[in-house]
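Colleague: could you work out the structure for the sequence below:
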Amino acid sequence: MCIVKKHKKHITSDINESVKQLQVEVKQKIDLKIKNLKQHQEHIEHVKGKFKTDIKEAVRVITEVGNQIKQWIDKKVQALVTLLEEKETANLKALQPIITGFQNDFEQFRYCQTAFTESPKFADVTKLLTKLKHIKSEVDGTCENQSPVMPTIKYIKRNVSEREIINLFGDVSFKEQSSKTMTYTNAQNVGTVVDNRM
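Modeller: Numbers count the residues shown, from 1 in each chain. Next up, the predicted model:
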């Protein structure tokens, strides 16, 4: 708008030029802000995707380590159980002839005991004497076996704390990357946010 009644369009021309320059400047600033916001948005999406990938990888590795430790424990348990079962089988096999010998001796002495119990029934002293001598020779001829030395077994339990088991695993760390400054424009205010999480 011109204040002079007779103007030569010099002021109007300057205003139009100023408006055009201002429009170009405002458009450039808006375009720059939009470009920056898009870059920040793309960066956030990239970081978010990487974070999700990192979490998945960490979960996979932790699960793998846990399964490996479980396998080691199961393998050790099975080895100890197998060792005990083999020792049991071997010792019972070695013990069987001794048990059979004791059973045979027991039967022999039961026979002698029965014969001795029936001996008073003999009326003829000569037959009784012969029978007693025979029983005595049977008893003297059977040697009494000694009880075998039995092996003992004891499991020596180690006191392992939960902390020691936990120490078999690695640690999870969350590293914050360098802070980025993001400027945003709102209809009411303009501000700067420092995001330390990126």
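Colleague: what ranges does this structure have for its helices?
Modeller: Applying DSSP state H to the chain gives helices spanning 10-118, 125-141, 162-166.
Colleague: burial of the closest residue to T142 other than its chain neighbours, as a residue count?
Modeller: Leaving aside its chain neighbours, T142 sits nearest to Q108 (5.1 Å; criterion: C-beta to C-beta, 6 or more residues apart in numbering). No exception for glycine: its C-beta is placed from N, CA and C like everyone else's. Q108: 14 surrounding residues under other C-beta atoms under 10 Å.
Colleague: for Q108, give me the pLDDT.
Modeller: If you check Q108, the pLDDT there is 84.
Colleague: re earlier: out of the helices of the chain, which gets nearest to V149?
Modeller: V149 lies closest to helix 10-118 among the helices of the chain, at 10.6 Å (C-beta to C-beta).
Colleague: now the closest one, how far from the centre of its chain.
Modeller: How far helix 10-118 lies from its chain's middle: 6 Å, per C-alpha atoms, centre = their mean, to the nearest Å.
Colleague: which strands and helices sit next to that helix?
Modeller: Using 3 or more C-beta pairs under 8 Å, 6 or more residues apart in numbering; DSSP states H and E, the elements in contact with helix 10-118 are helix 125-141, strand 180-185.
Colleague: who's in contact with the most centrally placed residue in the chain?
Modeller: Taking C-alpha atoms, centre = their mean, the centroid of the chain lies closest to G66, which sits 3.3 Å from it. Residues near G66 by C-beta atoms under 8 Å, 6 or more residues apart in numbering: F169.
Colleague: low-confidence ranges, this protein, go.
Modeller: 1-13, 144, 177-198 (pLDDT under 70).
Colleague: swap the cut-off to 80 and go again
Modeller: Counting by pLDDT under 80, the chain shows low-confidence ranges at 1-14, 119-125, 127-128, 131, 139-151, 174-198.
Colleague: look up phi and psi at R158.
Modeller: Here is the backbone geometry of R158 (degrees, to the nearest 10): phi -90, psi 140.
Colleague: and V59, how far is that from V172?
Modeller: According to C-beta to C-beta, to the nearest Å, V59 and V172 sit 10 Å apart.
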